[in-house]
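Novice: predicted coordinates and the sequence they were generated for:
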Amino acid sequence: MPAANGDNEQQKHTEIKMNTTTPISTVTLSRMVEHIVAGRATSDGAGVKLTRVLTHDLQQRLDPFLMLDAFGSENPDDYIAGFPDHPHRGFEAVTYMIAGRMRHRDSAGHEGLLENGGVQWMTAARGVIHSEIPEQEEGVMEGFQLWLNLHSSEKMNAPWYRDFQNADLPQWVTPQGVAVTVIAGESHGIKGAVTREITQPLYLDLHLPRGARFEQVLAPTHNAFLYVYRGEITVSGQSIPAQRMAILTNTAAADGVVLQASTDAKVLLIAGQPLNEPIVQHGPFVMNSAQEIHQALSDFRAGRLGEMPPA
């Protein structure tokens, strides 16, 4: 499985941070908004309150993405217990922390502290047991967790993990003042912190000043969506308010998406190549068949979740 970009690449990214001279790609026909989703209030872990934006019923439509959770609160009671030890198999979990501090530990020996503006990318693959516990007792805790599916050929690979501090993430500013953080994929020639060959995820955090316009080329085969977490934007004349996800149409003639900020706005833009494989999920396990789910449960109960399967 491709890993994160190398140290030399990250040094180059640091040098271009806040660059305002990057050429702007031209989108000749923007995708439109197919559907606006409000998300569902729920809790997970040891009672952490969150909004599940990308829910189970949208997994096939937004393949290869399985879930997007948005969490944010100033009340410690909403997050303080965190996510104690729990298992995963068959996908990747990407946590983007806007504010706060979260400590990660897992059964593969990885440990890291996720802080303001940082990203934690964990490939569960054949299995890990991990915990995510806040390292703060007061203040704002805000961020997102995205689940990205793995191809059937990768689901039983070895687990992988990496933390990226905010300074490690490629960032640039358009001539119109749009601040772009490239977590994954590529935007206007700038490669993100992580790339994946099969799912080809694009994950951008966009901060748009009022009136600014941003264009992003998208492969016509990729599924794509936006999540507005501050302010309001429009796409092809359709308004998208804060705390709403917009699923973008799969129009063959469209070569990207154009965003216009109605107010100062902050938006996640996410896209990827669908796997077009069966999705069978049982809680923290996502495989391609019921038999594989039963095996995951058996391996977990027997303490073999992350072990190499027998030949």
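Specialist: Perfect, thanks for sending it. Only a predicted model underlies this, so the values are computations on that prediction, with no experimental measurement involved.
Novice: can you list the low-confidence ranges for the stretch 1-150 of the chain?
Specialist: Along the stretch 1-150 of the chain, segments meeting pLDDT under 70 span 1-25, 43-44, 46-47, 76, 80-81, 137.
Novice: quick one: the strands in it?
Specialist: Using DSSP state E, counting those that start in this stretch, the strands found in the stretch 1-150 of the chain span residues 33-37, 40-44, 48-54, 65-73, 83-88, 91-99, 102-106, 111-114, 119-123, 128-134, 141-149.
Novice: so which of those is nearest residue 195?
Specialist: For residue 195, the closest of the strands of the stretch 1-150 of the chain is strand 119-123, at 11.0 Å, according to C-beta to C-beta. (C-beta placed from N, C-alpha, C; glycine too.)
Novice: please state the offset of the closest one from the chain centre?
Specialist: Its chain's C-alpha centre lies 9 Å from the corresponding centre of strand 119-123 when counted by C-alpha atoms, centre = their mean, to the nearest Å.
Novice: contacts for the longest helix anywhere in the chain next, please.
Specialist: Ranked by residue count, the top helix of the chain under DSSP state H comes out as helix 290-301. With contacts defined as C-beta atoms under 8 Å, 6 or more residues apart in numbering, helix 290-301 is touched by 87, 89, 90, 127, 155, 280, 281, 282, 285, 287, 305, 307.
Novice: could those go into JSON lines alongside distance to residue 39 and neighbour count?
Specialist: Shown next, in JSON lines, are these (distance: C-beta to C-beta, whole Å; neighbours: other C-beta atoms under 10 Å):
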{"residue": "87", "distance to residue 39": "25", "neighbour count": "20"}
{"residue": "89", "distance to residue 39": "26", "neighbour count": "27"}
{"residue": "90", "distance to residue 39": "24", "neighbour count": "28"}
{"residue": "127", "distance to residue 39": "29", "neighbour count": "25"}
{"residue": "155", "distance to residue 39": "27", "neighbour count": "22"}
{"residue": "280", "distance to residue 39": "24", "neighbour count": "15"}
{"residue": "281", "distance to residue 39": "18", "neighbour count": "17"}
{"residue": "282", "distance to residue 39": "22", "neighbour count": "15"}
{"residue": "285", "distance to residue 39": "23", "neighbour count": "24"}
{"residue": "287", "distance to residue 39": "26", "neighbour count": "25"}
{"residue": "305", "distance to residue 39": "30", "neighbour count": "22"}
{"residue": "307", "distance to residue 39": "36", "neighbour count": "11"}
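Novice: need those residues in a markdown table with distance to residue 177, can you?
Specialist: Putting the contacts of helix 290-301 into a markdown table (distance: C-beta to C-beta, whole Å) gives the following:
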| residue | distance to residue 177 |
| --- | --- |
| 87 | 44 |
| 89 | 43 |
| 90 | 41 |
| 127 | 44 |
| 155 | 42 |
| 280 | 45 |
| 281 | 41 |
| 282 | 46 |
| 285 | 44 |
| 287 | 44 |
| 305 | 47 |
| 307 | 51 |
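Novice: looking at those, which is nearest residue 181?
Specialist: Minimum distance to residue 181 across these is 27.4 Å, recorded for residue 90 (C-beta to C-beta).
Novice: that closest one: what's it in contact with?
Specialist: Per C-beta under 8 Å, 6+ apart, neighbours of residue 90: 124, 125, 149, 150, 155, 285, 286, 287, 292, 296.
Novice: that's all I had, so thanks and see you.
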